[in-house]
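[1] What follows is a predicted structure for the sequence shown.
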Amino acid sequence: MSYIGSNLVRRFDILRLDDFCLSRAVNFSCYQRLKPASGDLSLPTHYALPSGDKIPSFSELLVDLGAWQAGEGEVSTAVKVALQAGYKHIDGAWRYENEAEVGQAIKESGVAREDIWLTSKLWNWFHSPEDVESALDETLRGLQTDYLDLYIIHWPIALKKGTYELDEALTADPYPTWEKLEEMVDKGKVRNIGISNFNIPRIKNLTANSLKYKPAVNQVELNYWNPQPELLKLSKEHGLLLEAYSPLGSNKQVKETLQLPEVQAIAKELNITPAQAIISWHVQRGTVVLPKSVTPSRIEENLQVFSLPKGLFQKLEEAATSHPPQRVINPSKNYGLDFDIFDDYPYDK
Ligand SMILES: NC(=O)c1ccc[n+]([C@@H]2O[C@H](COP(=O)([O-])OP(=O)(O)OC[C@H]3O[C@@H](n4cnc5c(N)ncnc54)[C@H](OP(=O)(O)O)[C@@H]3O)[C@@H](O)[C@H]2O)c1
């Protein structure tokens, strides 16, 4: 089933959808309906994955300790505040080194496990099939849960455990890792599996195998500066949902993003904020959007998405896709690689 438009919800459907949600008691996929409808709700509130599960299209809490430079206790507070504000989708990773704190905060929040969408990521050190399950078990223990909604391969780069030494075989062929992840689905430890930071050749390399479960999502950098239209097109054609990280251009470029004339024009026309204009653009492109903020008012602001008029959406899309792409996140050098992980534009080694 194609995920695009699978959950279009219009204003006049609100009551019916709420009734449906309450009767199904699937609260995590419906919580946007319970908020004041200040946004135009014709945008998808969630997307259906191949498993049939529904992933929220926005309002995700990123718990990247590194990015936040948060001290002990800060992540816990942020998780509790966000859950109270209505966020029900937590995107974490083993690498963020805060899963135990996140798990404890979820427990203390009083929000039921089944009302939260929990994503975590398999770190580069654990791609060997014999390491996958123990890495996942550690994540599950930390988060105090017995299953994840989504488990994704964090990077298409396998490193030898505890080092920056490349495991060439598992980097060239991630299928053995994937097969082990498929086993984790069958064991009930994860409901959906996906990838992150995979470019088109790497996606094709993985999906050329006869997969039992195809990747449900690919979490990648997507923003005005690096909108990746070819990746988006191919992903839609193959039912692979993209999740946009650094959607505002990250702290490096958020100011410039919010001042773009096309963004300002949308904000003015709809009487919304520039950040809401950009977040809405991402959802309208058909991606999950993962804006990150540690500012309570912005966390609340980023919960609202609006359907953009076709002309204004198109103007922003054209502006984004008509300049040379500029990527914010590329750890190729940090990993000591002599190649570019993404290979999508000239790379200065
Ligand atoms: N899968 C992967 O491999 C991968 C790799 C890298 C990063 N990530 C994820 O991406 C996240 C990094 O995101 P990012 O920081 O690059 O993202 P971003 O969402 O593009 O930008 C975040 C910046 O925008 C600001 N901001 C947020 N909402 C705003 C608003 N409404 N108005 C004005 N400014 C606003 C934030 O400020 P304040 O926080 O001060 O409010 C922060 O400076 C990480 O948390 C990580 O989880 C994933």
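    Good, I have the coordinates.
[2] and Leu136, what element?
    helix 129-143 (DSSP states H and E).
[3] Which SSE is immediately downstream of that helix?
    Following helix 129-143 in sequence, per DSSP H and E, is strand 150-153.
[4] does the ligand sit close to that next one?
    No. Using Cβ under 6 Å from any ligand atom, strand 150-153 stays clear of the ligand, coming no nearer than 7.6 Å. Where you see a C-beta, it was placed from the backbone N, CA and C, and this is true even at glycine.
[5] who touches that strand?
    For strand 150-153, the surrounding residues in contact (Cβ atoms under 8 Å, 6 or more residues apart in numbering) are 55, 117-122, 127, 136, 139, 174, 177-178, 181, 184, 190-196, 198, 216-217, 219.
[6] buried ones in the helix holding Leu136?
    Pro129, Asp131, Val132, Glu133, Ala135, Leu136, Thr139, Leu140, Gly142, Leu143 (16 or more other Cβ atoms under 10 Å).
[7] Please save the CA atoms from it in PDB.
    The C-alpha coordinates for helix 129-143 follow below in PDB (Å, rounded to 0.1, in the frame of the first residue of the first chain):
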ATOM      1  CA  PRO A 129      24.600 -10.500  13.000                       C
ATOM      2  CA  GLU A 130      25.800 -11.900  16.300                       C
ATOM      3  CA  ASP A 131      25.700  -8.400  17.900                       C
ATOM      4  CA  VAL A 132      22.400  -7.200  16.700                       C
ATOM      5  CA  GLU A 133      20.100  -8.800  19.300                       C
ATOM      6  CA  SER A 134      22.200  -8.000  22.300                       C
ATOM      7  CA  ALA A 135      22.400  -4.300  21.200                       C
ATOM      8  CA  LEU A 136      18.600  -4.300  20.800                       C
ATOM      9  CA  ASP A 137      18.200  -5.900  24.200                       C
ATOM     10  CA  GLU A 138      20.300  -3.300  25.800                       C
ATOM     11  CA  THR A 139      18.100  -0.600  24.200                       C
ATOM     12  CA  LEU A 140      14.900  -2.300  25.300                       C
ATOM     13  CA  ARG A 141      16.300  -2.600  28.900                       C
ATOM     14  CA  GLY A 142      17.200   1.100  28.900                       C
ATOM     15  CA  LEU A 143      13.800   2.200  27.600                       C
END
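[8] so how far is it off the chain centroid?
    Computed by Cα atoms, centre = their mean, to the nearest Å, the chain-centroid distance of helix 129-143 equals 20 Å.
[9] Check which helices and strands that helix is in contact with.
    helix 99-109, strand 117-122, helix 175-186 (3 or more Cβ pairs under 8 Å, 6 or more residues apart in numbering; DSSP states H and E).
[10] Great, nothing more from me.
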